[in-house]
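Participant: Build the 3D model from these lines:
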Amino acid sequence: MSTVPDINRILPEVILTLTGVLVMLIDATLPPSWPRRTLGWVAALGTTLALWSSLWQLSLPTGTGFYGTVETSPFTVFFHVLICGIVLVALLLALDTLPRESHHQGEYYALVVFGAVGMCLLTSAVELLLVFIALEISSIATYVLAGYRKEAGQGPEAAIKYFLLGSFATGFLLYGVALIFGATGTTEIYEIAHAIPTAQNQALVVAALALMLVGILFKVSAAPFHVWTPDVYEGAPSPVVALMSTAPKAAAFALLLRVIYEMFPTLQAVWSPLLWVVAVLSMTVGNLAALRQQNVKRMLAYSSIAHAGYLLAAFAGLGTTGIAAASFYTAAYAAMNVGIFAVVTLVSGYNDELPLVQDFRGLVYRSPLLGGLLIFFLVSLVGIPFTGGFFGKFYSFTAAVGGGAVWLAIIGLLNSGLAAAYYLRLAFAAAQRPTEEARKPLLALPQAGIAVAAALLFAVAATLVLGIVPGEVLHAAQSGAHTLQVPPTDAVMPVNVEMLQLNK
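Facilitator: Alright, predicted model coming up:
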């Protein structure tokens, strides 16, 4: 029996919660006329401490706490570090890009930190009711953040669409939880995995799996559950999109890995073809729609749908190979996507004054650093070697081939070539000589401060490390994969026990 105090199992979540409460208390005591930028640094410091505590959890033995509802393992640590890193970069980005005259910056930083609490808890929860609570903590924060720019008409519209559709998706997830409880009599993931092989009503189990997949695939904006994504990305502020396009998806993918590999490992013949179809739909629909977009944020929204398809291709892999590939791709996509939205934020401004592809024309000449970074992140999204995007796709498609889904890998490669068209269109626009009209708007943009410079540096460094020396991150992903799966002997333990009794 583990002697680790239960509080150590949720130490990152505790630190993030205390940070959010501290930010709110300080914000309430400051006069309205005082700037709130310091609160962002408080939130960033708390997130850094949470990231450190996540790494410290590697010294703990793998196990559960709080009556078997939360787990600490290399798998949970991997996603905790990833989520805390994304949140830290998003906070640094917001420090220099949120309007200084805004009186709601305290709420912004608190919501980001509280959302991170839900995301981290979602990756470590091994009890479905706690999964639901963690998902709601994360979702409510992102619903509000999506409408943060309330003076613009698109902000409240994006928040309402996101809230309504997200509520429906949560309803599907809850129905699935109810059905699996009816079939197995428990909501603990490990107990469910042990009970499924001997469940009396297998149809109820399959229905529960399908409903839960609908709820989770909505959160990762996979087709055909993607309709909210372009409108929300366009209406939300770019610093918010940098966060919501990466961190909540990382948490949702961690949940998806846990659900299918830990809770439903015996139903691979059911969920594998379903995810195969969803992956193809996401890649194809996302890329075809992105080709038609002139708005950069909408183009990147459809791009994120396509990348969800690339990542889902890894789920065709067998065992730890598929889990490690999916985990690595999540990290690679997060690094390059946060980076490109940081560049878009600086170029377009907080209010998206320059939203179109043609507005980026001549960016390399007007701001060589921003132009070079934009092209760098676009190259990584295409999947060019020596960037994180290349190894992300390489491992994902390799896992698919190893699992026998050769055609899925071929479709993924074809879609990658299709995606290069719209990525390179934006890159070529940035490399073209600017027109006289295009020279003026960029000069009015605020200069990048130390916070946003640090955010860009972290994103570039992560993308390069994952593209040049990916071994350490891949090893961490593989270590997490080994601790995720329920041992096959456990999955069939009730049957074996009965056979032994009959033999006696």
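Participant: Quick one, grab the pLDDT at the residue nearest to Ala454 when sequence neighbours are not counted.
Facilitator: Excluding the flanking residues, the one nearest Ala454 by Cβ to Cβ, 6 or more residues apart in numbering is Leu92, at 5.3 Å. Any C-beta I mention is one placed from the backbone N, CA and C, and that applies to glycine too. Note for Leu92: predicted pLDDT of 94.
Participant: do you know how far Phe328 is from Thr320?
Facilitator: Going from Phe328 to Thr320 by Cβ to Cβ, to the nearest Å gives 12 Å.
Participant: The two - which one has more neighbours?
Facilitator: Comparing Phe328 with Thr320 by other Cβ atoms under 10 Å, the one with more neighbours is Phe328, at 29 against 19.
Participant: Contact partners for Ala481?
Facilitator: For Ala481, the contact set (Cβ atoms under 8 Å, 6 or more residues apart in numbering) comprises 75, 319-321, 323-324, 327.
Participant: how about a cut-off of 10 Å?
Facilitator: By Cβ atoms under 10 Å, 6 or more residues apart in numbering, the contact set of Ala481 is 74-75, 78, 257, 261, 317, 319-328.
Participant: Among those, name the least confidently predicted one.
Facilitator: pLDDT is lowest at Gly319 among the contacts of Ala481; the value there is 75.
Participant: For the helix or strand that Ala400 is a member of, list the C-alpha coordinates in PDB.
Facilitator: Per DSSP states H and E, Ala400 falls inside helix 388-402. This file holds the C-alpha atoms of helix 388-402, laid out as PDB (Å, rounded to 0.1, in the frame of the first residue of the first chain):
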ATOM      1  CA  GLY A 388       8.600  19.200 -34.500                       C
ATOM      2  CA  GLY A 389       5.900  18.900 -37.000                       C
ATOM      3  CA  PHE A 390       8.000  16.400 -39.100                       C
ATOM      4  CA  PHE A 391       8.600  13.900 -36.300                       C
ATOM      5  CA  GLY A 392       5.100  14.300 -35.000                       C
ATOM      6  CA  LYS A 393       3.700  13.200 -38.300                       C
ATOM      7  CA  PHE A 394       6.400  10.600 -38.800                       C
ATOM      8  CA  TYR A 395       5.700   8.900 -35.500                       C
ATOM      9  CA  SER A 396       1.900   9.100 -36.000                       C
ATOM     10  CA  PHE A 397       1.900   7.600 -39.500                       C
ATOM     11  CA  THR A 398       4.500   5.000 -38.500                       C
ATOM     12  CA  ALA A 399       2.300   3.900 -35.700                       C
ATOM     13  CA  ALA A 400      -0.600   3.600 -38.100                       C
ATOM     14  CA  VAL A 401       1.400   1.500 -40.500                       C
ATOM     15  CA  GLY A 402       2.600  -0.700 -37.600                       C
END
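Participant: returning to that earlier point: pretty sure the residue nearest to Ala454 is in a helix, no?
Facilitator: Yes. The assignment for Leu92 by DSSP: H, G, I helix; E, B strand; the rest coil puts it in a helix.
Participant: Next, count neighbours for it.
Facilitator: By other Cβ under 10 Å, 28 other residues sit near Leu92.
Participant: what residues are up against it?
Facilitator: 40-41, 43-44, 47, 239, 342, 449-459.
Participant: could you flag which of those residues are buried?
Facilitator: Among those, those buried by neighbour count (16 or more other Cβ atoms under 10 Å) are 40, 43-44, 47, 239, 342, 451-452, 454-456, 458-459.
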